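Q: Provided below are the primary sequence and the corresponding predicted coordinates.
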Amino acid sequence: MISRILHRGDFFNLGTNLMLCFLCGMTSGDPTTGSAFGLMTKYPLIDGHNDLALMLRILHDNRLSQVDLHNISKVATDINRLTTGHVGAQVFAAYVLCGAQAKDAVRLTLEQIDVINRMCTENPELELVTSAKGLNDTKRIACLISIEGGHSIDSSLPTLRMFYQLGVRSMALTHTCNTPWAESSSTIYDVYQRENDSLTDFGKDVVKEMNRLGMIVDLSHSSWATARAVLQISKAPVIFSHSSAHAVCNHSRNVPDDLLRELKENGGLIMVNLHSGFVACHGQANVSIVADHFTHIRKVVGSESIGIGGDFDGASKFPLGLEDVSKYPALIQELLKRHWTENELSGVLRHNFLRVFKEVEKVSAKGTRARCFCSL
Ligand SMILES: [Zn+2]
């Protein structure tokens with residue numbers, strides 16, 4: 001029954017998209033429009049960051065029974081728009097505010113994992129996955145769970161390990177607050193200030209334990225010093241799940257060129273953030289300025305280090321033409337216009353993330369699985 005529904009859905013989407021392509025081609029005369037849909041049908045996007053779960057808490061107190069996930073108002077993400085946007089996999093953030101640090105962050109994080117879990121197991125269009133193979137093989141929209149902010153583990157490796165058991169496959173080391181063991185790119189919160197200690201010995205143990213478990217280390221929101229310290233010790237590739245190029249927009253959340261080069265050495269990935277405040281430091285953000293970030297990063301480290309982490313529902317302003325998750329084809333269309341090749345775009349859309357995830361799993365499998373930091 002489920003597969004029949006999906007096939008019917010696929011057929012409908014294909015038909016709708018062909019119609020849209022046809023109309024776009026007719027109205028704009030743009031020969032690349034059709035190719036963007038075609039390419040994304042062949043290589044559905046793996047999006048590195050989305051905060052729908054946070055919005056479900058804010059707007060609906062996580063009461064999923066009151067929400068039709070196909071069509072949700074006041075947010076930028078729902079099943080219908082993910083389908084229209086050719087999103088094949090979405091990394092959903094389990095995020096709790098920094099104000100919960102050292103208080104109820106662990107419980108609140110569990111509740112956010114629960115809402116993602118229910119969302120992705122109670123709807124036939126979605127599937128919760130926990131491996132690169134599961135991610136690649138599913139015919140549904142894959143969901144991956146990521147924790148956004150190390151304050152969620154309350155400085156406890158056992159808690160980190162239990163989050164892994166619950167399906168979490170990635171964690172950002174900080175959000176906008178320092179943790180006792182890692183430093184944030186933001187100075188909004190005046191907590192755990194320290195000089196020249198951007199990743200403490202315990203912070204190094206967190207990274208080693210994530211390597212051992214097979215959890216992707218996410219450096220978005222970390223300070224550059226913390227990111228560099230992690231890149232020195234991580235045995236597995238790391239990601240910036242939603243950060244853009246500092247050379248194009250000099251915001252502290254973005255990644256400078258020298259750090260991009262270190263990331264390339266590590267085999268990791270920067271998944272470009274679409275939030276207006278990070279892509280256009282001055283003036284109106286649009287599809288073109290977003291494409292400038294891709295072009296710049298490609299020039300510095302090559303397309304194989306690039307992915308997409310939209311950050312929808314994690315910020316309020318998005319570029320003209322990229323207002324929600326249904327609009328991703330407009331970005332791919334712009335990159336095609338700039339002569340990005342199919343090979344480059346298949347990597348950006350999907351294969352680069354899969355490569356990193358597989359490598360993280362490989363490091364975990366062949367590494368130190370038998371030894372854990374169990375005294376901690
Ligand atoms: Zn974020």
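A: Perfect, I can see it now. Bear in mind the structure is a predicted one, so any value in this text is a computation, not a measurement.

Q: what segments of the stretch 201-350 of the chain are helices?
A: 201-213, 224-233, 257-266, 276-279, 287-301, 328-337, 342-346 (DSSP state H, counting those that start in this stretch).

Q: for residue 188, which of these is the nearest?
A: helix 276-279 (13.9 Å; Cβ to Cβ). C-betas here are computed from N, CA, C, even on glycine.

Q: center of the protein, which residue is that?
A: residue 48 (1.8 Å; Cα atoms, centre = their mean).

Q: let me see the contact set for that residue.
A: Going by Cβ atoms under 8 Å, 6 or more residues apart in numbering, residue 48 touches 91, 239, 241-242, 269, 271, 307-310, 353.

Q: redo the helices of the stretch 201-350 of the chain as TSV? Include mean neighbour count and mean pLDDT.
A: As requested, the helices of the stretch 201-350 of the chain are exported to TSV (neighbours: other Cβ atoms under 10 Å; pLDDT from 0 to 100):
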stretch	mean neighbour count	mean pLDDT
helix 201-213	20	97
helix 224-233	20	98
helix 257-266	17	98
helix 276-279	22	97
helix 287-301	20	98
helix 328-337	23	98
helix 342-346	16	97
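
Q: turn the ones you listed into a markdown table, columns for distance to residue 363.
A: Below are the helices of the stretch 201-350 of the chain laid out as a markdown table (distance: least, Cβ to Cβ, whole Å):
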| stretch | distance to residue 363 |
| --- | --- |
| helix 201-213 | 6 |
| helix 224-233 | 12 |
| helix 257-266 | 11 |
| helix 276-279 | 30 |
| helix 287-301 | 21 |
| helix 328-337 | 30 |
| helix 342-346 | 24 |
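
Q: residue 58: which of those helices is closest?
A: Using Cβ to Cβ, the helices of the stretch 201-350 of the chain put helix 276-279 closest to residue 58, at 19.3 Å.

Q: run through who's touching the closest one.
A: The contact list for helix 276-279 (Cβ under 8 Å, 6+ apart) reads 243-244, 248-249, 251, 253-254, 272-273, 285, 289-290, 293, 311, 315, 317-319.

Q: among the residues you listed, which ones are buried?
A: By neighbour count, with 16 or more other Cβ atoms under 10 Å, the contacts of helix 276-279 hold 243-244, 248-249, 251, 253-254, 272-273, 285, 289-290, 293, 311, 315, 318-319 as buried.

Q: which helix or which strand is home to the residue nearest to the centre of the chain?
A: strand 45-50 (DSSP states H and E).

Q: after that strand comes which helix or strand?
A: helix 52-60.

Q: after the worst-scoring helix or strand of the chain on mean pLDDT, which helix or strand is next? Please name it.
A: Least confident helix or strand of the chain, by mean pLDDT, DSSP states H and E, is helix 2-28 with a mean of 35. Downstream of helix 2-28, the first helix or strand assigned by DSSP H and E is helix 33-42.

Q: before I go, just wanted to say thanks for your time.
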